[in-house]
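> turn this into a model:
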Amino acid sequence: MSLPKGLAEEVSKNLVMVARLIDEDPEQAYAYSRIALRLASRVAAVREAAGFAAYATQKYSEALAEFRAAKRMTGSVELWPVMADCERGLGRPERALAMAGEPEVQKLDKAGQVEMRLVAAGARRDQGQLEAAIVTLQSPELASSSVQPWTARLRYAYADALLAAGREDEAREWFGKTLEADKDGATDASDRLAELDGVEFVDAAVDIADDVDDDEDDQDAAEVAAAERASDVAEYYDEDDDEYEPLEQSEADLDVTDEIVIVEDEDVADERAAGRDNA
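Next up, the predicted model:
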């Protein structure tokens, strides 16, 4: 609303492209966010979009700067968890944990508080504190039987932490609970469960394609062999042609059922016939 109409439309188009591409092509989304940022760097929504695009491409320092700018412009604390996660991305888990203890966390809504808990648990794991990460994730939201937008991710993080700590039976249980809550398939809980149970998936489509290729190869080889046999026959030749050598036919190539027909000169045949009559 603070921009002239033409400029506002141009900025909006770029922000729409950021939203469309950020999951499938984060690099392209980042490129669109930079255009919007050049056009309207004083708009909080633009700084926030630029921050998420940078975050998606693991440009954590740049993302943190944009989130801080958006926070200053709006006064909102909703970006606090992702800002803390940027600190993790920069290799500073201790700062992320410090942010988890700041008053801003109490101002977050329920989804934001769960997100902050996930970031804090991740920071504990970054420091090699697996049991502390498990304890951090234990909360009323984890124990609740109701399914909320954050439920699957929270259960998955808990199961993964249990597995990393060597508590395989508990991990299997919580991956199963994750699967119950993950209606959209946002996690790979089913694959993790299968892995724990020693189940291996085979791509049937690939196997079928391989079998078809093998059959085609066998068929091609058979056709080539047949063509070679068809061409491997004795040829008539001119005895006066010194350069021509007849193909020798092996005994294996002879058919015992073949009849040998001798064609004689007519005069020779008549003389033999007359001799038999006189006899």
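
> neighbours around D197, how many?
With neighbours defined by other Cβ atoms under 10 Å, the count for D197 comes to 8. Bear in mind the C-beta positions are built from the backbone N, C-alpha and C, glycine included.

> same question, T178
By other Cβ under 10 Å, 26 other residues sit near T178.

> quick one, what contacts it?
For T178, the set of contacting residues under the criterion of Cβ atoms under 8 Å, 6 or more residues apart in numbering consists of A152, R155, Y156, A159, T187, A189.

> go with 10 Å
By Cβ atoms under 10 Å, 6 or more residues apart in numbering, the residues touching T178 are 151-160, 186-190, 192-193.

> among those residues, which are in helices?
151-160, 189-190, 192-193 (DSSP state H).

> from the residues you listed, pick the one nearest M17.
Checking these against M17 with Cβ to Cβ, the nearest one is R153 at 26.4 Å.

> picking up where we left off before, generate a PyMOL selection restricted to the buried subset of the ones in helices among the contacts of T178.
Here is the PyMOL command that selects the buried residues among the ones in helices among the contacts of T178 (16 or more other Cβ atoms under 10 Å):
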select buried, resi 151+152+153+154+155+156+157+158+159+160+189+192+193
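
> and E248, what's its pLDDT?
Reported pLDDT at E248 in the predicted model: 46.

> same question for M17.
At M17, the pLDDT value in this model is 98.

> just give the nearest non-adjacent residue to it, would you?
Closest residue in space to M17, ignoring its immediate chain neighbours: Y32 at 4.3 Å, by Cβ to Cβ, 6 or more residues apart in numbering.

> which ones are touching that neighbour?
Contacts were defined as Cβ under 10 Å, 6+ apart; by that measure Y32 touches 13-22, 25, 49-50, 53.

> cutoff 8 Å now
Under the criterion of Cβ under 8 Å, 6+ apart, the contact partners of Y32 comprise N14, L15, M17, V18, L21, A53.

> SS state for the nearest residue to K107 once chain neighbours are set aside?
In space, not counting the residues next to it along the chain, K107 is nearest to V77; the distance is 4.9 Å by Cβ to Cβ, 6+ apart. Secondary structure state of V77, per DSSP: H, G, I helix; E, B strand; the rest coil, is coil.

> what is the helix or strand harbouring E66 packed up against?
With elements delineated by DSSP states H and E, E66 resides in helix 60-74, which encompasses its position. Judged by 3 or more Cβ pairs under 8 Å, 6 or more residues apart in numbering; DSSP states H and E, the packing partners of helix 60-74 are helix 44-56, helix 80-89.

> ok, back up a step: pLDDT wise, what is the residue nearest to K107 at?
Per-residue confidence at V77 stands at 97 (pLDDT).

> whichever strand or helix holds I35 - what's its average pLDDT?
I35 belongs to helix 26-39 when assigned by DSSP H and E. Confidence over helix 26-39 (mean pLDDT, whole number) is 97.

> just the angle between it and helix 60-74, please?
Our comparison of helix 26-39 with helix 60-74, counting by axes from the mean of the first three to the mean of the last three Cα atoms, to 10 degrees, yields an angle of 40 degrees.

> for helix 26-39, list every residue counted as buried.
Neighbour-count burial for helix 26-39, counted by 16+ other Cβ under 10 Å, picks out P26, Q28, A29, Y30, A31, Y32, S33, I35, A36, L37.

> a markdown table for the residues you listed, including distance to M116?
Below are those laid out as a markdown table (distance: Cβ to Cβ, whole Å):
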| residue | distance to M116 |
| --- | --- |
| P26 | 23 |
| Q28 | 30 |
| A29 | 25 |
| Y30 | 25 |
| A31 | 30 |
| Y32 | 29 |
| S33 | 25 |
| I35 | 32 |
| A36 | 28 |
| L37 | 27 |
